[in-house]
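J.: Just a sequence and a predicted model for now, questions to come.
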Amino acid sequence: MTQNGNLKRRVRARAAKTGESYTAALRHVRPTLPDRSEAKSVRLAVAQTSLFNDPRDVSGLRASGMEMRRLMRDAHKAGARLVHFPEGATCSPNKRIMSETAPKEIGDADWTRFEWVVLREELEAIRVVARDLRLWTVFGSVHQLTPPHRPHNSLYVISDLGELVTRYDERLLSNTKISFMYAPGKGPATFEIDGARFGCTLGMEAHYPEVFAEYEKLDVDCVLFSTTGETPSAAPAFAAEVLGHAASNTYWVSYSAHAAQSATTPSGIAAPNGQWAARCPANGNPAISVADIRTDPENLARPWRRKARSDLYVPHQVDSDPRSDDRNLF
């Protein structure tokens, strides 16, 4: 059971009882928040990794885990408190490999093809290294559910004690994912490190500004966005959206994708001013890049935008028909 499992149940129970949204119910149920009037700083390492997409390949699953653990050690040496990995960092199953009807067409995924025992062994090895390095670790993995339920496409959050703190399940799935592969998630996921709050998002959710606006309302300081990166030609759109979300919500966004797309869009960390604070090498190789996620309580942009999005302007609006106002020529 995750540490915030009880909190989620309480939030959902309140939402069901009151008719509130999950976000609204969370505000009422969440325990007393820590003092956020002081500046916080957390060193974050963002990773780009090799793409392993055949869950039948035991050697590939092993190599994926080994690469992740090597990058975790690199992040630790760089002084990182948290390392952030892409979607499907352990394995991102290819839709044609999984399809019951391939290669003729894409059909329902046959999840019996997944080497689940090997995956669990690699997950345990990752957890142990996170504990030994005292390194918070966030990474994408398929999360198996009891058959006949489809699995989730998830982000695991492992604490510096090696404990599963929470899990985020992708909610806004692509057509292929929802039609043939995964069960969608139900709600946001947040966690805190040294007083700084992080949110999780996944897959193609960069295309949906409402996901990032929801995390702004949840008072996060940084959103961790993990994706496979699609093709190198499609990756720049994700990067542009990430910079826009960071600027419009005045928080940090970490963008982690697979190394193959780095020729056009390497993984990186976007600052609240909409500029890259750190980027991995654009050479197609697995790597990390590091930035200090700093909060700025004196920055007035975020509270003003919250105020502007409320009913601030309603008392100042004037009812008039511009077509009947003959004092203006146009």
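T.: That came through, no problem.
J.: contacts for stretch 71-81?
T.: Residues from elsewhere that reach stretch 71-81 (C-beta atoms under 8 Å, 6 or more residues apart in numbering): 42-45, 47, 49, 83, 85, 126, 129-130, 133, 135-137, 160, 193-194, 286-288, 290. The way it works is simple: take the backbone N, C-alpha and C, and place the C-beta from them, glycine included.
J.: run the last query once more with 7 Å
T.: Outside stretch 71-81, the residues that touch it by C-beta atoms under 7 Å, 6 or more residues apart in numbering are 42-45, 47, 49, 83, 129-130, 133, 135-137, 193-194, 286, 288, 290.
J.: Any buried residues in that stretch, and which?
T.: Residues of stretch 71-81 classed as buried under the neighbour-count rule (16 or more other C-beta atoms under 10 Å) are 71-72, 74-76, 80-81.
J.: In CSV, list these along with distance to Q261 and pLDDT.
T.: Shown next, in CSV, are the buried residues of stretch 71-81 (distance: C-beta to C-beta, whole Å; pLDDT from 0 to 100):
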residue, distance to Q261, pLDDT
L71, 17, 98
M72, 21, 98
D74, 20, 98
A75, 20, 98
H76, 25, 98
A80, 22, 98
R81, 26, 98
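J.: Just give me the closest of the residues you listed to P103.
T.: Lowest distance from P103 to the buried residues of stretch 71-81 (C-beta to C-beta) belongs to L71, with 33.4 Å.
J.: Any idea which helix or strand in the chain has the lowest mean pLDDT?
T.: helix 22-29 (a mean of 68; mean pLDDT, DSSP states H and E).
J.: next helix or strand past that one?
T.: Going down the chain from helix 22-29, the next helix or strand is strand 41-48, by DSSP states H and E.
J.: elements contacting that following strand?
T.: For strand 41-48, the packing partners by 3 or more C-beta pairs under 7 Å, 6 or more residues apart in numbering; DSSP states H and E come out as strand 82-84, strand 252-256, strand 268-270, strand 287-294.
J.: For it, what is the distance to the chain centroid?
T.: 13 Å (C-alpha atoms, centre = their mean, to the nearest Å).
J.: Which positions in stretch 113-125 come out as buried?
T.: Along stretch 113-125, these residues count as buried under the neighbour rule (16+ other C-beta under 10 Å): 114-115, 118-119, 122-123.
J.: Identify whichever of the helices and strands packed on strand 41-48 lies nearest to A25.
T.: strand 252-256 (25.3 Å).
J.: which residue ranges form the strands in the chain?
T.: Assigned by DSSP state E, the strands in the chain fall at 41-48, 82-84, 136-143, 152-158, 164-169, 190-193, 196-202, 222-226, 252-256, 268-270, 276-279, 287-294.
J.: what mean pLDDT does the fifth one have?
T.: Along strand 164-169, the predicted local confidence has a mean pLDDT of 97.
J.: where does the stretch 201-330 of the chain dip in pLDDT?
T.: Filtered on pLDDT under 70, the stretch 201-330 of the chain yields the residue ranges 230-231, 320-330.
J.: in it, which spans are helices?
T.: Counting by DSSP state H, counting those that start in this stretch, the segments of the stretch 201-330 of the chain that form helices are 209-217, 235-249, 301-308.
J.: between those, which one is nearest to T101?
T.: T101 lies closest to helix 235-249 among the helices of the stretch 201-330 of the chain, at 29.2 Å (C-beta to C-beta).
J.: So which elements touch the closest one?
T.: Helix 235-249 packs on helix 209-217, strand 252-256, strand 268-270, going by 3+ C-beta pairs under 7 Å, 6+ apart.
J.: Pull out the buried positions in stretch 199-218.
T.: For stretch 199-218, by 16+ other C-beta under 10 Å, it's 199-206, 211-212, 214-218.
J.: Check stretch 181-198 too.
T.: For stretch 181-198, by 16+ other C-beta under 10 Å, it's 181-183, 185, 187-191, 193, 195-198.
J.: Please identify which pair of those lies farthest apart.
T.: Between any two of the buried residues of stretch 181-198, the greatest separation by C-beta to C-beta is 37.4 Å, found for M181 and G195.
J.: contact partners of stretch 154-165?
T.: Contacts with stretch 154-165, where a contact means C-beta under 7 Å, 6+ apart, come from 2-4, 127-128, 130-131, 134-141, 143, 166-169, 191, 200, 202, 226.
J.: Let me see the contact set for C222.
T.: C222 touches 196, 198, 251-254, 293, counting by C-beta under 7 Å, 6+ apart.
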